[in-house]
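> The following block contains a protein sequence and its predicted model.
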Amino acid sequence: MAVTSAQWADLLDPIVRKWWEQGFARRAPMVPSLFNVQTSSRAYEEVSGVGAIGIDAWENYAASGQISEADFNQGYKQTFTHKEYVLDLGIERKLIDDDQHNIVRTSVMRMGDSAALRRETHGASVFNNAFTDSAPYAGADAVGLCSTAHPYGPDKTGSTQSNEFTLSLTKPNVATIREAMQAFTDDNGNIVAVIPDTLLVPPALEDEALVIARSINDPTSDTNAINPQMGRFQVVPWHYLTDSNAWFMIDSTLMKMGGLEWYDRVPVGIGLKGGQDTTVKAYWRSYMRYSYGWSDWRWVAGSNPS
């Protein structure tokens, strides 16, 4: 294709968009699979935690004939402020005139791939920094996503809960953490219906996780014992997890119900910049604006044995 018109950049624009989209789609994204992805029309979003209803309130009608009104404690409020991510790509007119479309195509596709990589590494950073209690990784309860000291609520004092472990990925340790997750309680001390169904692991632990999750028999037994963990978990490897020893057990339903948040204020895309002199060079701008993080922790347990 030879583009010699004075409007060469306009003619090239739909092709650039197509190449960019091909690059962006090169890797299967994990963010939509893990995060509760939503749109936003504001500069920021606030997620206000809602405490549990006291279950004893259900007894009042039988005891006194008075119907109690559902009453909730105020939970922690997490603010998600959207940030802008912008990158320009310049394409020289002579590359088009000289039919160097492979060079242009490669450059554009790599830019799209880079945009996808930026989003994926941001998403993975929630887990890579899950054991960090300092800003900006601490949540509204002032501790990390995985912590030994999660408070029950902003108006509660005293006891805390833990979803942080230092156990390696083995079948017995999977059972231990699964049991611990099923004992998580709400701010009133009532057991939450946590059903762990996912093992999120780095590539180094994928094989071990598959053995634990899919073996019919106990892989550590020489007596043909059954493996009770078989079928309980899907194994999700993510090659942007940076710690080869850390792994996570997840209730995927609770995770999507407001535990792990992603807001797209402006969807990612690319377009030809307006108001420019395209005589010898034109610029395409890729832009996205989003925020991400976690608002509640009861959907996950993390183990970092290193």
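Sure, I can see it.
> what helix or strand is Asp113 on?
If you go by DSSP states H and E, Asp113 is part of helix 101-128.
> Run through the neighbouring helices and strands of that helix.
Contacts defined by 3 or more C-beta pairs under 8 Å, 6 or more residues apart in numbering; DSSP states H and E place helix 101-128 against helix 8-24, helix 31-34, strand 83-92, helix 93-97, strand 260-272, strand 281-294. Every residue, glycine included, has its C-beta placed from N, CA and C.
> which outside residues touch stretch 116-127?
Here stretch 116-127 makes contact (C-beta atoms under 8 Å, 6 or more residues apart in numbering) with 23-27, 29-31, 34-35, 85, 145, 200, 238, 240-242, 246, 248, 260, 262, 268, 288, 290, 292-294, 302.
> buried subset of those residues?
Among the contacts of stretch 116-127, those scoring as buried are 23-24, 29-31, 34-35, 145, 200, 238, 240-241, 246, 248, 260, 262, 268, 288, 290, 292-294, 302 (criterion: 16 or more other C-beta atoms under 10 Å).
> I'd like the distance between Ile270 and Thr278.
16 Å (C-beta to C-beta, to the nearest Å).
> Which one's more surrounded, those two?
Using other C-beta atoms under 10 Å, the more surrounded residue of Ile270 and Thr278 is Ile270, with 24 against 17.
> OK, contacts around that one?
Taking C-beta under 8 Å, 6+ apart, we find Ile270 in contact with Val16, Arg17, Trp20, Leu89, Met111, Gly112, Trp284, Arg285, Ser286, Tyr287.
> 6 Å instead?
Arg17, Trp20, Trp284, Ser286 (C-beta atoms under 6 Å, 6 or more residues apart in numbering).
> I'd like to know which of the helices and strands packed on helix 101-128 is closest to Ala204.
helix 31-34 (19.2 Å; C-beta to C-beta).
> Can I get that closest one as PDB, trimmed to CA atoms?
Provided in PDB are the C-alpha atoms of helix 31-34 (Å, rounded to 0.1, in the frame of the first residue of the first chain):
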ATOM      1  CA  VAL A  31      -7.600  -8.400  35.000                       C
ATOM      2  CA  PRO A  32     -11.100  -9.100  33.700                       C
ATOM      3  CA  SER A  33     -11.000 -12.600  35.100                       C
ATOM      4  CA  LEU A  34     -10.000 -11.500  38.600                       C
END
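> So which elements touch it?
With contacts taken as 3 or more C-beta pairs under 6 Å, 6 or more residues apart in numbering; DSSP states H and E, helix 31-34 sits against no other helix or strand.
> right, and the helix or strand after the lowest-mean-pLDDT helix or strand in the chain?
Taking mean pLDDT, DSSP states H and E as the measure, the chain has helix 60-64 as its least confident helix or strand, at a mean of 72. Downstream of helix 60-64, the next assigned helix or strand under DSSP H and E is strand 74-81.
> Just the buried residues of that next one, please?
Quick answer for strand 74-81 (16+ other C-beta under 10 Å): Gly75, Tyr76, Gln78, Phe80.
> I'd like these written out as TSV, with distance to Arg119 and pLDDT added.
Listed next are the buried residues of strand 74-81 as TSV, based on distance: C-beta to C-beta, whole Å; pLDDT from 0 to 100:
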residue	distance to Arg119	pLDDT
Gly75	28	72
Tyr76	26	82
Gln78	20	90
Phe80	15	95
